[in-house]
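Visitor: turn this into a model:
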Amino acid sequence: MADHGRAAKLGDSIKEIIAKRLEKGLRDPRLGFVTITDVRMTGDLQHASVFFTVYGTEQEREDSYLALKAATGLLRTEVGRNIHARLTPTLEFIPDAIPENAAHVADLLAQAREQDSATRALAAGAQYAGDADPYVKPREVDEA
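Guide: Got it, this is the predicted structure:
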């Protein structure tokens, strides 16, 4: 039976351990400005998927991914020393899609703004299709 609470706590611990180790630095010059965004554990606590983002160009992202992949053994050793679990989980580094998703949302918001301004421009010169006041009013009775 998988304990999701324990997996989440262990994932948070692994996230902090890896982030602190990366803050100290690795001897790989390819490693750029890396941020660990999330760690997801399997139910049996044997595998950790480490999501990260890199600030920079696409080439810097690829280089940082290769540097993290090369340092997986060192980082796994560091995790094994600092967690209290029977087995040290394997680490898999996965580039997070947050920057791409944010850019897509920004594009969608820009399209929505353009459509809103076009609608406002059409509404400014619009006229009513029928009477200016389409609501029924009570009859006025002549008393003559």
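Visitor: give me the mean pLDDT for the lengthiest helix in the chain.
Guide: Ordering each helix of the chain by length in residues (DSSP state H) puts helix 98-124 first. Helix 98-124 shows a mean pLDDT of 88.
Visitor: could you do stretch 9-17 as well?
Guide: Rounded mean pLDDT across stretch 9-17 is 90.
Visitor: could you check the distance from the residue positioned nearest the centre of the chain over to I83?
Guide: When Cα atoms, centre = their mean is applied to the chain, the residue found nearest the centroid is I98 (3.6 Å). Relative to I83, I98 is positioned 26 Å away (Cβ to Cβ, to the nearest Å). Quick note: C-beta positions are derived from backbone N, CA and C, even for glycine.
Visitor: what of E143?
Guide: E143 is 94 Å from I83, by Cβ to Cβ.
Visitor: of these two, which one has the most company?
Guide: Legend: neighbour count by other Cβ atoms under 10 Å for E143 and I83, higher for I83 (15 against 4).
Visitor: beta partners of the closest residue to the residue nearest to the centre of the chain other than its chain neighbours?
Guide: Closest residue in space to I98, ignoring its immediate chain neighbours: T53 at 5.6 Å, by Cβ to Cβ, 6 or more residues apart in numbering. With DSSP bridges applied, T53 shows beta-bridge pairing to T35.
Visitor: helices of the chain, start to end?
Guide: 4-24, 58-70, 72-82, 98-124.
Visitor: TSV for those helices, including distance to L31?
Guide: Formatted as TSV, the helices of the chain follow (distance: least, Cβ to Cβ, whole Å):
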stretch	distance to L31
helix 4-24	8
helix 58-70	4
helix 72-82	11
helix 98-124	18
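Visitor: how about these, which one is nearest T35?
Guide: Relative to T35, the nearest member of the helices of the chain by Cβ to Cβ is helix 4-24, separated by 8.0 Å.
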